[in-house]
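In: next input, structure requested:
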Amino acid sequence: MPSDKLLEKMSPELKAFQDEIAGYIAKYKSGEITGTMYDLSLITNVEDLTEEDRMMWERVKNYKTNPISSEELDLYQKQIKDSKNSSRDNFRAYIVQKITWLSSLK
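Out: Take a look at the predicted model:
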């Protein structure tokens, strides 16, 4: 759980994003959500997710009107790998899967 000082600095948008992901994880673990190839429940600490992850999440949610270039995705993946954070890396894997699926629908 983030400290009170961290919560003070955290944007409301980032907190809402982390809460949204935590909600998906809870629904997956309870069986309410099923059938995903790569599930968000592999994220062990949603508080590790950053503003960068939130922005990528928003881009994926609006992929049709704001697609993500391969260069942007490569840069995002490099930054995640450099962070060596397993929660962020599992989120990255989910994002890559979603982008691959969405781009195949064209």
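
In: in the protein, where is pLDDT below threshold?
Out: 1-8, 36-38, 105-106 (pLDDT under 70).

In: how close does the residue most central in space within it get to residue 102?
Out: In the chain, the centroid-proximal residue (C-alpha atoms, centre = their mean) is residue 91; its distance is 4.4 Å. For residue 91, the distance to residue 102 (C-beta to C-beta, to the nearest Å) stands at 16 Å. In this view, the C-beta of every residue, glycine as well, is placed from N, C-alpha and C.

In: next one: residue 62
Out: Distance from residue 62 to residue 102, by C-beta to C-beta: 10 Å.

In: next: residue 72.
Out: Residue 72 is 14 Å from residue 102, by C-beta to C-beta.

In: re earlier: tell me the contacts of the residue nearest to the centre of the chain?
Out: Contacts for residue 91 (C-beta atoms under 8 Å, 6 or more residues apart in numbering) come out as 21, 40, 43, 49, 53, 80.

In: make it 7 Å
Out: 43, 49, 53 (C-beta atoms under 7 Å, 6 or more residues apart in numbering).
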